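Asker: no sequence on this one, just coordinates:
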């Protein structure tokens, strides 16, 4: 394979131009002031200092809370779904996984608008409730709406890695566990779940990354006053025009995500070593 | 002012990018191209193909959702021939030397413009700008829910706890601060940090007691369905919404408001100046101005078109014709960078406060 090593070079160039340079630019913006054109800049840490103000810290806390809740719901619902899917024959499984991914063929924006149609004060759900004489429930612009939107958007990213892990488990291990006297719950907890942990971790990382940096869903389902990290970055870049502060937020976010992933990977490794 | 749909903007942008890519790719079109950047849903788009046919050209029409995002886009290096921003943004573009003067001798329809609308402070001799729409900012309220007597509160109506959880604010930095500053009796163009801080406190307190939703264009559909008791809207949107839901009414508080104007300007980047002037002239033609104003509900500066709209489509709809003679009303002015940053910082906090 040695002779093919040179073929990597175009990708290295691509990586440098499209990933490394933009990343460095973000870091550069985050430690300077002096406007968006980078003509006369001064180095400063003020952008990071600004992040320590209680209002912004609260935004971070809220984003993480919401992210964790969404990931938690996705994990429970996604695991059950993935597990149920593995109970079918292989051909049916392929079809079911296809169904799980079908929503992803449609743009997030459209799916979110569909939720608006369902949830709004005069939307489909409230119209149906009205038919039964139930007072309309205000669901738009609440945590509930945002979490619902996030979970429905992220679920496939949880189901697929878990399903892949579950499929790989040798069925004879279950039989062995049963033979050795484990009951159904013990078999599930000590064999099936344990062996599916890599998939679970991958699913958690994927959904967490996506939920923590999202801005379209909270903006549409939560309203303009619903501020998560993603929205904060968006407003700094699009409407406020303070790219320096926006970059600082992005850098902090990237850093936190890096730490989170490192921790996850460590858990993953320990699990494997235990075996 | 601004308008409807960054979502649509994204859709449109991607569509346009694809199209220009295709055009450039096959090189089939030698027609001159005119790039127009305007607020979303701000004209009768069927007019664009009429213009294209008349002038044998191609119009690329892109939309933005706020003056600020338009400015950011320009800063990132994108170029356009014609922009349709608001007063204060035009003043900023003039000061930053981004616009080229309009040659009024090329505009055969200029005589149709209402003289009252011309010569505002941001461009005193209309050297650079040709008015497109104008209006005010006010409160649209549901007459079946809001007590008429409460209207005496003026802007403080937006902090009347009776209506807590029942209001839409408009997701716009300058207009939100305008409301707070006017409610406190200050000028909306103030540069005093004390007054700005007071306005910030006003907005934060409002968030705490009223729990308002900072809406964008979704306010239009929501108010037509009567979802909440009141909303801060531009007069043009109010006119359109009232024409769809007659329970609603529009009022402009006595403390004064922002009387704004959006105008067509030609950028320094524009090389097709003749075509650009033809476009502006085309939009000033009475029939076209009438089609636009009927389509979106904003008030036309073309006298004849406006009179026609008042007589038919918007007869009896007071929101369509903003009163320009009120003493306490103001026009937004250019802000020095330091002031702008000060406001931007506080606005971020208003929106981030939970």
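Answerer: Looks like it came in fine. The structure presented is a predicted model; accordingly, all values stated were derived computationally and were not measured. Numbering: from 1, shown residues only, chains lettered A, B, ... in the order given.

Asker: any idea how far residue A:83 lies from residue B:75?
Answerer: Between residue A:83 and residue B:75 the distance is 51 Å, computed by CB to CB, to the nearest Å. From N, CA and C alone the C-beta is placed, and that goes for glycine too.

Asker: In chain A, where is pLDDT below threshold?
Answerer: Along chain A, segments meeting pLDDT under 70 span A:1, A:272, A:274-275.

Asker: near chain B, which residues of it?
Answerer: A:36-37, A:53, A:55-56, A:58-59, A:62, A:109, A:113, A:116, A:120-122, A:141, A:220, A:223-225, A:227, A:232, A:235-242 (CB under 8 Å from any CB of the partner chain).

Asker: Could you verify that residue B:168 is part of a strand?
Answerer: Yes - assessed by DSSP: H, G, I helix; E, B strand; the rest coil, residue B:168 belongs to a strand.

Asker: Please, where are all the strands along the chain?
Answerer: In the absence of a named chain, this looks at chain A. A:32-33, A:42-43 (DSSP state E).

Asker: oops, I was thinking of chain B
Answerer: Assigned by DSSP E, the strands in chain B fall at B:33-39, B:58-64, B:82-84, B:99-100, B:129-135, B:137-142, B:167-170, B:213-215, B:230-234, B:248-251, B:260-267.

Asker: May I see the ones you listed organised as CSV, with distance to residue B:297 and mean neighbour count added?
Answerer: Shown next, in CSV, are the strands of chain B (distance: least, CB to CB, whole Å; neighbours: other CB atoms under 10 Å in any protein chain shown):
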stretch, distance to residue B:297, mean neighbour count
strand B:33-39, 13, 21
strand B:58-64, 17, 21
strand B:82-84, 16, 25
strand B:99-100, 28, 18
strand B:129-135, 9, 26
strand B:137-142, 12, 24
strand B:167-170, 16, 25
strand B:213-215, 17, 24
strand B:230-234, 9, 27
strand B:248-251, 11, 21
strand B:260-267, 13, 24
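
Asker: can I get these in CSV with mean pLDDT and distance to residue B:222?
Answerer: Below are those laid out as CSV (pLDDT from 0 to 100; distance: least, CB to CB, whole Å):
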stretch, mean pLDDT, distance to residue B:222
strand B:33-39, 94, 19
strand B:58-64, 94, 21
strand B:82-84, 97, 26
strand B:99-100, 96, 36
strand B:129-135, 96, 20
strand B:137-142, 96, 11
strand B:167-170, 94, 7
strand B:213-215, 91, 7
strand B:230-234, 95, 8
strand B:248-251, 94, 12
strand B:260-267, 96, 22
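
Asker: just so I know, which of those strands lies nearest chain A?
Answerer: Chain A lies closest to strand B:213-215 among these, at 3.2 Å (CB to the nearest CB).

Asker: The closest one: partners in the sheet, and parallel or antiparallel?
Answerer: Each strand that pairs with strand B:213-215, with its direction, by DSSP bridges: strand B:167-170 (parallel).

Asker: Off-centre distance for the strand it pairs with?
Answerer: 16 Å (CA atoms, centre = their mean, to the nearest Å).

Asker: Contact partners for residue B:207?
Answerer: By CB atoms under 8 Å, 6 or more residues apart in numbering or on different chains, the residues touching residue B:207 are A:225, B:350, B:353.

Asker: ok, 7 Å please
Answerer: B:350, B:353 (CB atoms under 7 Å, 6 or more residues apart in numbering or on different chains).

Asker: can you list the strands of chain A in JSON lines and add mean neighbour count?
Answerer: Output for those, formatted as JSON lines (neighbours: other CB atoms under 10 Å in any protein chain shown):
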{"stretch": "strand A:32-33", "mean neighbour count": "18"}
{"stretch": "strand A:42-43", "mean neighbour count": "9"}
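
Asker: can these go into JSON lines with extra columns for distance to residue A:192?
Answerer: Converted to JSON lines, the strands of chain A look like this (distance: least, CB to CB, whole Å):
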{"stretch": "strand A:32-33", "distance to residue A:192": "52"}
{"stretch": "strand A:42-43", "distance to residue A:192": "54"}
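
Asker: among those strands, which is nearest residue A:211?
Answerer: Closest of these to residue A:211 is strand A:32-33, at 30.2 Å (criterion: CB to CB).

Asker: So in that sheet, which strands flank the closest one, and in what orientation?
Answerer: Assessed with DSSP bridges, strand A:32-33 is paired to strand A:42-43 (antiparallel).

Asker: Could you give the bridge partners of the closest residue to residue B:70 other than its chain neighbours?
Answerer: Spatial nearest neighbour of residue B:70, excluding adjacent residues (CB to CB, 6 or more residues apart in numbering or on different chains): residue B:64 at 4.1 Å. For residue B:64, the beta-bridge assignment (DSSP bridges) gives partners residue B:39.

Asker: which residue ranges form the helices in the stretch 151-300 of chain B?
Answerer: B:173-183, B:193-210, B:218-224, B:235-244, B:273-284, B:286-296 (DSSP state H, counting those that start in this stretch).

Asker: mean pLDDT for these: which is lowest?
Answerer: Ranked by mean pLDDT, the helices of the stretch 151-300 of chain B bottom out at helix B:218-224, which scores a mean of 89.

Asker: what's that one packed up against?
Answerer: Counting contacts by 3 or more CB pairs under 7 Å, 6 or more residues apart in numbering or on different chains; DSSP states H and E, helix B:218-224 is packed against strand B:230-234, helix B:235-244.

Asker: how about these in TSV, adding distance to residue A:8?
Answerer: Below are the helices and strands packed on helix B:218-224 laid out as TSV (distance: least, CB to CB, whole Å):
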stretch	distance to residue A:8
strand B:230-234	56
helix B:235-244	56
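
Asker: Format those as JSON lines; extra columns: distance to chain A.
Answerer: Listed next are the helices and strands packed on helix B:218-224 as JSON lines, based on distance: least, CB to the nearest CB, whole Å:
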{"stretch": "strand B:230-234", "distance to chain A": "12"}
{"stretch": "helix B:235-244", "distance to chain A": "13"}
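
Asker: neighbours of residue B:204, just the number please.
Answerer: 15 (other CB atoms under 10 Å in any protein chain shown).

Asker: err, residue B:328, not the other one
Answerer: 13.

Asker: For it, which non-adjacent residue is spatially closest?
Answerer: Spatial nearest neighbour of residue B:328, chain neighbours left out: residue B:256 (3.0 Å); criterion: CB to CB, 6+ apart.

Asker: before we move on, the earlier item: give the contact list for the residue nearest to residue B:70.
Answerer: Residue B:64 touches B:9, B:37, B:39, B:70, B:73, counting by CB under 7 Å, 6+ apart.

Asker: same question, residue B:293
Answerer: Here residue B:293 is in contact with B:299, B:300, B:305, B:306, B:309 (CB under 7 Å, 6+ apart).

Asker: Scan the residues you listed and report the most crowded one.
Answerer: Using other CB under 10 Å as the neighbour test, the contacts of residue B:293 are led by residue B:300, with 32 neighbours.

Asker: which non-adjacent residue is nearest that residue?
Answerer: Nearest residue to residue B:300, sequence neighbours excluded (CB to CB, 6+ apart): residue B:293, at 4.0 Å.

Asker: Understood, closing this out.
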